[in-house]
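A.B. asks: got a structure for you, letters missing:
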């Protein structure tokens, strides 16, 4: 049986991160072209890069969920998960028993009932 050490898994993740970032950027450019254009290429790339890394810290690993996470960063605030008024979202993101999909489903559902200022 093949066993990978944490260092090896981290190295694999770093190698696949640029491809994941590109894929997330492509999805967001199709879904929200106005926001992406308004941000400018450099800021957009930096936000996506940060978002992919941040999503990993919350065990959000499916690409569609990473896209949803970064979209929250774009539409609410790049640091939405650390905002005082979004503490409820951080609690959801930090819940280890939930999958990434479940976390984002809960956050999006809750946002439908709340008015979140930028």
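C.D. replies: Received it, and whenever you're ready, just let me know what you need. Predicted model only: the values in this text are computed from it and were never measured.
A.B. asks: any idea which element residue 70 lies in?
C.D. replies: helix 63-75 (DSSP states H and E).
A.B. asks: how distant is that helix from the center of its chain?
C.D. replies: 4 Å (CA atoms, centre = their mean, to the nearest Å).
A.B. asks: elements contacting it?
C.D. replies: Counting contacts by 3 or more CB pairs under 8 Å, 6 or more residues apart in numbering; DSSP states H and E, helix 63-75 packs against helix 6-31, helix 33-39, helix 41-57, helix 100-112. (Each C-beta comes from the backbone N, C-alpha and C, glycine too.)
A.B. asks: Buried residues, it. List them.
C.D. replies: Neighbour-count burial for helix 63-75 flags 65-74 (criterion: 16 or more other CB atoms under 10 Å).
A.B. asks: mind listing what the residue nearest the centre of the chain touches?
C.D. replies: With distances taken as CA atoms, centre = their mean, the residue of the chain nearest its centroid is residue 69 (3.1 Å). The contact partners of residue 69, by CB atoms under 8 Å, 6 or more residues apart in numbering, come to 51, 54-55, 58, 60, 100, 104.
A.B. asks: hmm, try it at 7 Å
C.D. replies: Residue 69 sits next to 51, 55, 60, 104 when contact means CB atoms under 7 Å, 6 or more residues apart in numbering.
A.B. asks: got it, and residue 45?
C.D. replies: By CB under 7 Å, 6+ apart, the neighbours of residue 45 are residue 25.
A.B. asks: Could you do residue 68 as well?
C.D. replies: Residue 68 touches residue 104, counting by CB under 7 Å, 6+ apart.
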